[in-house]
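1. Provided below for reference: sequence and predicted model.
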Amino acid sequence: GNSVTQMEGPVTLSEEAFLTINCTYTATGYPSLFWYVQYPGEGLQLLLKATKADDKGSNKGFEATYRKETTSFHLEKGSVQVSDSAVYFCALGGGNQFYFGTGTSLTVIP
Amino acid sequence: NAGVTQTPKFQVLKTGQSMTLQCAQDMNHNSMYWYRQDPGMGLRLIYYSASEGTTDKGEVPNGYNVSRLNKREFSLRLESAAPSQTSVYFCASTTEGGTQYFGPGTRLLVL
């Protein structure tokens, strides 16, 4: 079946540090892959997505590349800001259903 | 354009009480979803509706029922609430390309 495994947190970084949050998936067929972000007290918001192998999704300085050979979709940002503090979810979409990782909490300190 | 709205924002119930969580979207999406979010568990799908008039079970449907009232509205009903249903509930609607738009959530406490 379909599933997503993502790096457990919490992650604490200093401002301007490099961020990587690992995400691997198991899927049948050719799913789309997503990263969502959740700020305190809010619903999830789409951060970026990729719909096929080797696609790179990017938004607000965040990037992730759909790697079919390693079944991965790691999230990266070169220089994090305090405003990036949130919970990040990796997700997989196939057919009518979506599968989410357990979330990784990121705190960026000044 | 309000996106996805949910009511209520917060609710306290006693064990055995019933309630309906309301969700509406104004983006003309066909697909709508109900998830629950629990610490360390991520989001788990309760029910979804791929189009008006259809509903299907997700990963954790027991204890819940849903109604797709029309294209805009998708409600979730707890007939007899249990403490295990204490959670944050999110409704989402989905574009044809698979992007999900989430509501702000309903925080439910069952005593």
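-> Yep, that arrived.
2. Which strands or helices does the lengthiest strand in chain A pack on?
-> Criterion DSSP state E: the longest strand present in chain A is strand A:86-94. Applying 3 or more Cβ pairs under 8 Å, 6 or more residues apart in numbering or on different chains; DSSP states H and E, we find strand A:86-94 packed against strand A:3-6, strand A:23-26, strand A:32-38, strand A:97-100, strand A:104-109. Glycine gets a C-beta too; all of them are placed from N, C-alpha and C.
3. Okay, now the sheet partners of that strand, with direction.
-> Strand partners for strand A:86-94, identified by DSSP bridges, are recorded as strand A:32-38 (antiparallel), strand A:97-100 (antiparallel), strand A:104-109 (antiparallel).
4. Now tell me which of the ones you listed the model trusts least on average.
-> Comparing mean pLDDT over the strands paired with strand A:86-94, the weakest stretch is strand A:97-100, at a mean of 90.
5. Pull the distance from that one to the chain's centre.
-> 13 Å (Cα atoms, centre = their mean, to the nearest Å).
6. Return the residues of chain A in contact with chain B.
-> A:32, A:34, A:36, A:41-46, A:49, A:51, A:89, A:91, A:93, A:96-98, A:100-103 (Cβ under 8 Å from any Cβ of the partner chain).
7. Who are the contact partners of the residue nearest to residue A:98 when sequence neighbours are not counted?
-> In this structure, residue A:98 finds its nearest non-sequential neighbour in residue A:91, 5.6 Å apart by Cβ to Cβ, 6 or more residues apart in numbering or on different chains. By Cβ atoms under 8 Å, 6 or more residues apart in numbering or on different chains, residue A:91 lies in contact with A:4, A:33, A:34, A:35, A:36, A:98, A:99, A:100, A:101, B:100.
8. Looking at the residues you listed, spot the one nearest residue B:2.
-> Checking the contacts of residue A:91 against residue B:2 by Cβ to Cβ gives residue B:100 as the nearest, at 16.2 Å.
9. Residue A:98 is in contact with the closest one, correct?
-> Yes - with contact defined as Cβ atoms under 8 Å, residue B:100 counts as touching residue A:98 (6.5 Å).
10. what's the most buried one of the strands paired with strand A:86-94?
-> Stretch with highest mean neighbour count among these: strand A:32-38 (a mean of 24; mean count of other Cβ atoms under 10 Å in any protein chain shown).
11. give me the number of residues near the nearest residue to residue A:23 once chain neighbours are set aside?
-> Once flanking residues are discounted, residue A:23 sits nearest to residue A:90: 3.5 Å by Cβ to Cβ, 6+ apart. Counted by other Cβ atoms under 10 Å in any protein chain shown, the residues lying close to residue A:90 total 29.
12. ok and the residue in chain B nearest chain A?
-> At 3.4 Å from chain A, residue B:102 is the closest residue in chain B, using Cβ to the nearest Cβ.
13. Name the surrounding residues that touch the lowest-mean-pLDDT helix or strand in chain A.
-> Lowest on mean pLDDT, DSSP states H and E among the helices and strands of chain A sits strand A:97-100, with a mean of 90. Strand A:97-100 has contacts (Cβ under 8 Å, 6+ apart) with A:2-4, A:34, A:36, A:89-93, B:33, B:35, B:42-45, B:48, B:58, B:94, B:98, B:100.
14. Quick one: buried ones out of these?
-> A:2, A:4, A:34, A:36, A:89-93, B:33, B:35, B:42-43, B:45, B:48, B:58, B:94, B:98, B:100 (16 or more other Cβ atoms under 10 Å in any protein chain shown).
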